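Novice: Pasting a predicted model and its sequence here:
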Amino acid sequence: MDDERAKLLAKFIAPLRVAPGSKVKLARDFDPGYKASFLKKKEGATILQAGVEVLAEYQARLAAQDTWGMVVCLQAMDAGGKDGTIRHVMSGVNPQGVRVCGFKVPSAEELDHDYLWRYAQRLPRRGEIGIFNRSHYEEVLVVRVHPELLDRQRLPEQAKGKGVWARRYTEINDWEHFLADNGFKVVKLFLNLSKEEQRCRFLKRVDLPDKNWKFSAADARERKYWDDYQAAFSDMLTHTSTEWAPWYVIPADHKWFARICVSAVLAHTLMDIDPRYPKVDAAKQRDLAETKALLEAEAPKGAAADPFAAELAAGAKQGEGSKESKQARKQRKEMAKVRARVAKA
Ligand code: ATP
Ligand code: MG
């Protein structure tokens, strides 16, 4: 079953993955308005729900195994939908296993260190999913588009100038390789928004009083650097999508589709890690049996020796003939339809 789900997800996300070594030109290679023709919007909520459930299941295993961690880097232009994506996609996951870190303009203390320092400080632990809302990639994006930010980093002369971006790509690739080798899988998502959709989303923030707080004139002014950002993103995708930490370009003009894509990428990455619940060894089994006997012996008069075991047995019996819930049936049917269409696509 997992194999089947993994295959379906792999096929679904294949067009989003940036093949390592390929040269990317965003405008030519990725359409922000893309939505798979085999998927209908009204099925979106069901598919997302299924994705959320897979994520919850795998995150629980990741936490129990306590060996691997996952770092999700989210990058986007302003109004790209990072916050909403995190909220929706991670909605079913145990908050104790997730750590969301936002990265803003670096503080004086952060500038007093090497440029990767603050990101290393906030990596997840084993068993956790760390979400970087903006990430170390700002160091080759905003810092590249605004060279004065590089000056603020007070780098020695030889670390600036020609070749600085190529060097940063190599350093970032090496850092992520090191993390992967040590049990931390890095997965990188770029929410690819069109300039026109950004304009509409900014206007919505102006027009709707409840959204006014989100509007920033500085964000709107930053639009004049749009082409520079597109070039910086293209170069970043070209040089930092690797086998061990690939980039996925998520079409972001349709929020519902972007969220499905993100949940599919994360689910697929977790399935690839394939975390397992730890098996208990013979000594632990003996411990369990002894404890069970002790607790059963303490049962008050008239009470079942092990009420939970009785419930389990009853549940198993009921389960054999029980009807699946309406919601589960709807989800199963819609998944089957989508699965058939993906297989044909
Ligand atoms: P939102 O607007 O949804 O709250 P946000 O991620 O846009 O989220 P802001 O506080 O609006 O948060 O913006 C953070 C700013 O910090 C962005 O403009 C980003 O480019 C900038 N930033 C992030 N990392 C760096 C960096 N290393 N150097 C300089 N600026 C950075
Ligand atoms: Mg912002």
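Specialist: Thanks, I have it. Ligands and ions are numbered 1, 2, ... in the order given.
Novice: Across the sheet, point out what pairs with Val98.
Specialist: Beta-bridge partners of Val98, counted by DSSP bridges, are Ile129.
Novice: tally of neighbours for it?
Specialist: Look at Val98: counted by other C-beta atoms under 10 Å, it has 19 neighbours. Every residue, glycine included, has its C-beta placed from N, CA and C.
Novice: I'd guessed it sits against Ile131; true?
Specialist: Yes: at 6.7 Å, Val98 counts as touching Ile131 under the criterion of C-beta atoms under 8 Å.
Novice: what are the ranges of the helices in the stretch 201-345 of the chain?
Specialist: Assigned by DSSP state H, counting those that start in this stretch, the helices in the stretch 201-345 of the chain fall at 217-221, 226-240, 255-273, 282-297, 307-321, 326-344.
Novice: Show me what Cys73 bridges to in the sheet.
Specialist: Phe132, Lys188.
Novice: sec struct for Cys101, please.
Specialist: Assigned with DSSP: H, G, I helix; E, B strand; the rest coil, Cys101 falls in the strand class.
Novice: what ranges of the stretch 51-200 of the chain fall below the confidence cut-off?
Specialist: Counting by pLDDT under 70, the stretch 51-200 of the chain shows no low-confidence range.
Novice: And the helices in it?
Specialist: 82-89, 108-111, 117-121, 142-145, 147-152, 164-181, 195-207.
Novice: in stretch 110-130, what counts as buried?
Specialist: Buried residues in stretch 110-130, counted by 16 or more other C-beta atoms under 10 Å: Glu110, Tyr115, Arg118, Tyr119, Leu123, Pro124, Gly127, Glu128, Ile129, Gly130.
Novice: Look at that stretch and report the distance between its end residues.
Specialist: Length of stretch 110-130, first residue to last, C-alpha to C-alpha, to the nearest Å: 20 Å.
Novice: residues in contact with it?
Specialist: 59, 62-72, 90, 93, 97-101, 103, 106, 132, 135-136, 139, 152-154, 168, 171-172, 175, 179, 183-184, 266 (C-beta atoms under 8 Å, 6 or more residues apart in numbering).
Novice: Now list the buried members of those residues.
Specialist: Here, 16+ other C-beta under 10 Å leaves 59, 62-63, 65, 68-72, 90, 93, 97-101, 103, 106, 132, 135-136, 139, 153, 168, 171-172, 175, 179, 184, 266 buried among those.
Novice: So which of the residues you listed reach ligand 1?
Specialist: Restricting the buried ones among the contacts of stretch 110-130 to those near ligand 1 by C-beta under 6 Å from any ligand atom leaves Phe103, Pro106, Glu139.
Novice: Contact partners for the second one?
Specialist: Looking back up the chat, that one is Pro106. Applying C-beta under 8 Å, 6+ apart, the residues contacting Pro106 are Arg118.
Novice: what about it, distance to Gln158?
Specialist: 21 Å (C-beta to C-beta, to the nearest Å).
Novice: Same question for Leu193.
Specialist: 37 Å.
Novice: One more: Lys279?
Specialist: 52 Å.
Novice: for Arg259, same thing?
Specialist: Distance from Arg259 to Gln158, by C-beta to C-beta: 44 Å.
Novice: just Lys25 next, same as before
Specialist: Counting by C-beta to C-beta, the gap from Lys25 to Gln158 is 31 Å.
Novice: now swap in Asp66 and tell me
Specialist: 42 Å.
Novice: ok, back up a step: who's more crowded, Arg259 and Gln158?
Specialist: Arg259 (26 against 8).
Novice: Please name the residues that touch the residue nearest to the more buried one when sequence neighbours are not counted.
Specialist: The spatially closest residue to Arg259, leaving aside those adjacent along the chain, is His88, at 4.9 Å (C-beta to C-beta, 6 or more residues apart in numbering). When contacts are counted by C-beta under 8 Å, 6+ apart, His88 touches Leu48, Val52, Arg259.
Novice: wait, which of those is closest to Lys284?
Specialist: Val52 (32.4 Å; C-beta to C-beta).
Novice: Can you get me a residue count around that closest one?
Specialist: If we define neighbours as other C-beta under 10 Å, then Val52 has 20 of them.
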